[in-house]
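A.B. asks: I'd like to go over a predicted model; first the sequence, then the structure.
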Amino acid sequence: MRRGTSAMLYKWMTSVYLLAVLLLCVMNFGSVSAVPSELLGIRTDHIVHFFMFFPMPLLFFGVYVSSVSVPSLKMMAIIFILCLLLASCTELVQRYLIPWRSGEWSDMAADAAGIFSGCLICIVCRYGGHNKVRE
């Protein structure tokens, strides 16, 4: 796939993803009784938070990589911090601006775990093996 096409595809997917995250953060789910409260001893909402934020660094990294030839670890750190800031903002908005939602520190921890895992996948895929890291 050509670099221009790849960049446009990543930007489009990232935009759709961010819109979906925004909608999920502000929607009123009421009482969702069909979902168990825990799965393997972990709160179900924490699992949802983990998987909701897991793709964020992957998509941001894809947007960046599709526009430059060799990304740096410094850029990966910037992406990690940006993702954490966005996740923090969603929790703060839920806590203070949306009455039917509650922002919790434990949800933020699950968000951060998903972001960290996504960043690890990016680092392993991009820098593992024979690829050299440029700073």
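C.D. replies: Looks like it came in fine.
A.B. asks: Enumerate the sheet neighbours of the lowest-mean-pLDDT helix or strand in the chain, specifying parallel or antiparallel for every one.
C.D. replies: Least confident element among the helices and strands of the chain, by mean pLDDT, DSSP states H and E: strand 38-39 (a mean of 73). Counting by DSSP bridges, the strands paired with strand 38-39 are strand 42-43 (antiparallel).
A.B. asks: Can you name the next helix or strand after the strand it pairs with?
C.D. replies: helix 44-53 (DSSP states H and E).
A.B. asks: Now do that following helix: which elements does it pack against?
C.D. replies: Counting contacts by 3 or more CB pairs under 8 Å, 6 or more residues apart in numbering; DSSP states H and E, helix 44-53 is packed against helix 3-26, helix 105-127. No exception for glycine: its C-beta is placed from N, CA and C like everyone else's.
A.B. asks: List the residue ranges of this structure that fall below the pLDDT cut-off.
C.D. replies: For the chain, the stretches with pLDDT under 70 are 1-3, 31-36, 69-71, 129-135.
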